[in-house]
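Participant: when you get a sec, could you give me coordinates for this:
(chains A and B)
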Number of protein chains: 2
Amino acid sequence: LVTRTIHFGIGAMGAATVAHALERADIQVVGAFDADPAKVGRDLGDVIGLGRVTGVRVADSGGADWPDADVVVHGTSSSLEQVAPQLEAALARGLDVVSICEELSFPWVRRPELAARLDGLARQHGVTLLGTGVNPGFAMDTWPIALTAISRSVESIRVTRVLDASGRRLPLQQKVGAGLTVEQFHEKAATGTFGHIGLLESAMAVAHALRWEPYELEHRLEPVVAQEATASQYFQVAPGQAAGIHETLTLRHGGREVLRLDLTMALGATDPRDEVVVEGDPPLNVVARGGFHGDRSTTGIAINSALLVNALPPGLLTMRDVPPVHWMSARAGVRED
Amino acid sequence: LVTRTIHFGIGAMGAATVAHALERADIQVVGAFDADPAKVGRDLGDVIGLGRVTGVRVADSGGADWPDADVVVHGTSSSLEQVAPQLEAALARGLDVVSICEELSFPWVRRPELAARLDGLARQHGVTLLGTGVNPGFAMDTWPIALTAISRSVESIRVTRVLDASGRRLPLQQKVGAGLTVEQFHEKAATGTFGHIGLLESAMAVAHALRWEPYELEHRLEPVVAQEATASQYFQVAPGQAAGIHETLTLRHGGREVLRLDLTMALGATDPRDEVVVEGDPPLNVVARGGFHGDRSTTGIAINSALLVNALPPGLLTMRDVPPVHWMSARAGVRED
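Facilitator: Okay, the predicted model is just below:
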């Protein structure tokens, strides 16, 4: 059984995802779209630096013929508004779509009309649009939600993700403000274009699942200030400069704090991990030592989701709506009717 | 929204489950069945030592009128063959069923005809039969499977569950051989009625999900020998006596070991935990510190599953076939059509 994929978006994450897809025997990459004129017309292998020709030419989705495929693996932007026309084009062609668009991981509160429109279009064409990803989509939402399967009661949940950005992509290191002065950090933070996208989606997904509605949210973004000199391939951070971000989102329901998402992404961050602490019955304390590697995990979950999506019911779905995605998930976890 | 439950089986786990159900505002207990003549005819509150009258009288399922209900919460025996007539009676009445019967957690290999018959009956009546539980059902199968959502490749998985039996129920402490001499332990182990039921189901579920088929299994059961005197409410264990069991199941596929389930249940076991180590890309190392409490977690997952089951498609399903069960899962995680 081979799943034929079209890769929509050959940016950093899209390139990593298609590189992984090209390694797999159970996937055949049949198409690649990107809007960047510097990529259009070139062989996919050339564009992603594969060192070999793939025979798949990168096209601009607008003008391209769409090859026969089983699923579109989509990742172009965090903004659902921006990507909606791309998703609609795929759905209207009768193609299942998995997308790592952050806002799609829980679109029902912030983008209700768009979500309803995409859901309707998918159902109309009998296909599935699945929002997936690691963060949002897994580490700070689906994973802690699934942990409460065994809970008799949940008083509160604290999810802590600490990521050492040193070995990560340049854009991520830029996104966390490495090497800025504290003053520059705060100026940039004030523009709102800084930090992680998806914390809000994760919080809303957890609150929806655990019925912590209505709620109040409080968001904080502050620099992790380097105590000693630290460096990566791209940045030198002097003591007193920003080494990264520390972002928290707390959610209050019924007069008390029930959820805290706590995210640190910084050069040289100590004790990197993904940790979930549930106060309740039974109390739970789970830690992924070293943490879930953001980029590799994202390509993993995108491909594992792509292998599953053909077996899912039509409509717009999130990771909380579908049977556990897992490695080799193609239909195995789903009863075949 | 209140879910009306019939509790089929008021043994140790059934009693704990119905006690939890009676605490919950979103559940109304409307019936209780048990075959034990010492329980039949008495008020449920009296039978489980609740300290108050519930108004629900324990009945023998054979002769009883079945009250109107939304779901049957079933737990009477580990043997699917033994419980099948009970499950069939419920399904034939058009009732959704969740069951903690260990063999139902993955019945397709060891009990294929029974599984097919139950699946067919459930579909015929448009209802769902869901096999659930913590072990098997979560700790050593669904939970590690779900972790591989982010895996690009999986070379092998090692799941370690270490449980300190000191504070647990007497039957569990007996089941693990606490206080036996090593000789008695081996004699009892040789009868095959000793140790944990479900390790095999967990291994088969993981192998099926991750496509490690065909496979060879190797099972080992040995005593944990007490190094120093240890005790519980029920047992005194002298140095040199058995404090509990250490059970491993290894699964080989493609000429190498790909899965090891490693279970220790012993009085005074150190570092109790549930740990999953995935060799692969990315490598994963997740630990639930202290471990998932077996009894409380089982009642939790049984009730959380009961809240979800009305929203699931008809047929026999396992925890790998359904959206993540979670606390307050009633329909929240499932799109309402």
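
Participant: average pLDDT for stretch A:59-70?
Facilitator: Averaging the model's pLDDT scores along stretch A:59-70 yields 90.

Participant: run through the stretch 101-250 of chain A and note the low-pLDDT ranges.
Facilitator: For the stretch 101-250 of chain A, applying pLDDT under 70 flags no range at all.

Participant: for it, which residues are neighbours of chain B?
Facilitator: For the stretch 101-250 of chain A, the contact set with chain B under Cβ under 8 Å from any Cβ of the partner chain comprises A:134, A:138, A:142-143, A:145-154, A:208-211. To be clear about C-beta, it is placed using only N, CA and C from the backbone, and glycine gets the same treatment.

Participant: helix or strand for the closest residue to residue A:142 other than its chain neighbours, just tell me which one.
Facilitator: Excluding its sequence neighbours, the residue lying closest to residue A:142 (Cβ to Cβ, 6 or more residues apart in numbering or on different chains) is residue A:319, at 4.3 Å. Counting by DSSP states H and E, no helix or strand carries residue A:319.

Participant: number of nearby residues for residue A:319?
Facilitator: 28 (other Cβ atoms under 10 Å in any protein chain shown).

Participant: can you count the residues close to residue A:77?
Facilitator: Counted with other Cβ under 10 Å, residue A:77 comes out at 17.

Participant: how close does it get to residue A:9?
Facilitator: The gap separating residue A:77 from residue A:9 is 8 Å, by Cβ to Cβ, to the nearest Å.

Participant: what residues are shared contacts of these two?
Facilitator: Counting by Cβ atoms under 8 Å, 6 or more residues apart in numbering or on different chains, no residue touches both residue A:77 and residue A:9.

Participant: show the pLDDT at residue A:334.
Facilitator: At residue A:334, pLDDT is 35.

Participant: now, of the residues of the stretch 101-250 of chain A next to chain B, which are buried?
Facilitator: A:134, A:138, A:142-143, A:145-154, A:208-210 (16 or more other Cβ atoms under 10 Å in any protein chain shown).

Participant: out of these, list just those in helices.
Facilitator: Using DSSP state H, the subset of those located in helices is A:142, A:143, A:145, A:146, A:147, A:208, A:209.

Participant: my guess is the fifth one contacts residue A:277, does it?
Facilitator: Yep, that's residue A:147 we're talking about. No. Applying Cβ atoms under 8 Å, one finds residue A:147 not in contact with residue A:277, separated by 10.1 Å.

Participant: now the common contact residues for these two.
Facilitator: Joint contacts of residue A:147 and residue A:277 (Cβ under 8 Å, 6+ apart) are A:284, A:286.

Participant: what sits against residue A:40?
Facilitator: Contacts of residue A:40 (Cβ under 8 Å, 6+ apart): A:34, A:58, A:59, A:60.

Participant: same check, this time on residue A:222
Facilitator: A:189, A:245, A:246, A:247.

Participant: run through the bridge partners of the third one.
Facilitator: Just to be clear, that refers to residue A:246. According to DSSP bridges, the residues that bridge with residue A:246 are residue A:222, residue A:264.

Participant: list the residues that contact it.
Facilitator: A:221, A:222, A:223, A:224, A:262, A:263, A:264, A:266.

Participant: now swap in the second one and tell me
Facilitator: By Cβ under 8 Å, 6+ apart, the residues touching residue A:245 are A:176-177, A:194-196, A:221-224, A:263-266.

Participant: just the buried subset of those, written out for PyMOL, thanks.
Facilitator: Here is the PyMOL selection string for the buried members of the contacts of residue A:245, based on 16+ other Cβ under 10 Å:
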select buried, chain A and resi 176+177+194+195+196+221+223+224+263+264+265+266
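
Participant: can I get the contacts of residue A:245 in CSV with distance to residue A:296?
Facilitator: Output for the contacts of residue A:245, formatted as CSV (distance: Cβ to Cβ, whole Å):
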residue, distance to residue A:296
A:176, 18
A:177, 23
A:194, 24
A:195, 22
A:196, 18
A:221, 26
A:222, 28
A:223, 27
A:224, 23
A:263, 18
A:264, 19
A:265, 16
A:266, 19
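
Participant: out of the contacts of residue A:222, which two sit at the greatest distance?
Facilitator: Comparing all pairs in the contacts of residue A:222 by Cβ to Cβ, the longest separation belongs to A:189 and A:246, at 11.1 Å.

Participant: which neighbours do those two have in common?
Facilitator: A:221, A:222, A:223.

Participant: so what's the residue nearest the centre of chain A up against?
Facilitator: The residue lying closest to the centre of chain A (Cα atoms, centre = their mean) is residue A:133, at 3.1 Å. Residue A:133 sits next to A:100, A:102, A:105, A:198, A:298, A:301, A:302 when contact means Cβ under 8 Å, 6+ apart.

Participant: what is the burial count for residue A:126?
Facilitator: 12.

Participant: is it within a helix or a strand, and which one?
Facilitator: Using DSSP H and E, no helix or strand contains residue A:126.

Participant: just confirm it contacts residue A:96, I think it does.
Facilitator: No. Using Cβ under 8 Å as the test, residue A:126 is too far from residue A:96 to be in contact (9.6 Å).

Participant: for chain A, longest helix please?
Facilitator: Counting residues, the longest helix in chain A under DSSP H turns out to be helix A:294-308.

Participant: tell me which other helices or strands the helix or strand just after that helix touches.
Facilitator: Elements were assigned by DSSP H and E; along the chain past helix A:294-308, the next helix or strand is strand A:315-317. Packed against strand A:315-317 by the contact rule (3 or more Cβ pairs under 8 Å, 6 or more residues apart in numbering or on different chains; DSSP states H and E) you find helix A:112-124, strand A:128-131.

Participant: and these: which comes nearest residue B:183?
Facilitator: strand A:128-131 (56.7 Å).

Participant: pull up the pairing partners for that closest one, direction included.
Facilitator: Going by DSSP bridges, the partners of strand A:128-131 are strand A:96-99 (parallel), strand A:315-317 (parallel).

Participant: and the strands in the stretch 51-200 of chain A?
Facilitator: A:58-59, A:71-74, A:96-99, A:128-131, A:153-164 (DSSP state E, counting those that start in this stretch).

Participant: any idea which of those gets closest to residue B:115?
Facilitator: Using Cβ to Cβ, the strands of the stretch 51-200 of chain A put strand A:128-131 closest to residue B:115, at 27.5 Å.

Participant: ok, the residue nearest to residue A:142 - contacts?
Facilitator: A:105, A:130, A:131, A:132, A:137, A:138, A:141, A:142, A:325.

Participant: my guess is the first one contacts residue A:202. True?
Facilitator: Yes. Look at residue A:105 against residue A:202 with Cβ under 8 Å: they come within range, at 7.4 Å.

Participant: pull up the overlap in contacts between those two.
Facilitator: Common neighbours of residue A:105 and residue A:202, counting by Cβ under 8 Å, 6+ apart, are A:136, A:141.

Participant: follow-up on the earlier one: can I get the contacts of residue A:40 in JSON lines including neighbour count?
Facilitator: Formatted as JSON lines, those follow (neighbours: other Cβ atoms under 10 Å in any protein chain shown):
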{"residue": "A:34", "neighbour count": "23"}
{"residue": "A:58", "neighbour count": "24"}
{"residue": "A:59", "neighbour count": "20"}
{"residue": "A:60", "neighbour count": "14"}
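
Participant: so which of the residues you listed is the closest to residue A:306?
Facilitator: residue A:34 (17.8 Å).

Participant: state the phi and psi torsions of that closest one.
Facilitator: Backbone torsions of residue A:34, given as degrees, to the nearest 10, read phi -160, psi 150.

Participant: the closest residue in space to it that isn't next to it in sequence and residue B:190: what is the separation?
Facilitator: The shortest distance from residue A:34 to any residue other than its chain neighbours is 4.2 Å, reached at residue A:10 (Cβ to Cβ, 6+ apart). To residue B:190, residue A:10 is 61 Å away according to Cβ to Cβ.
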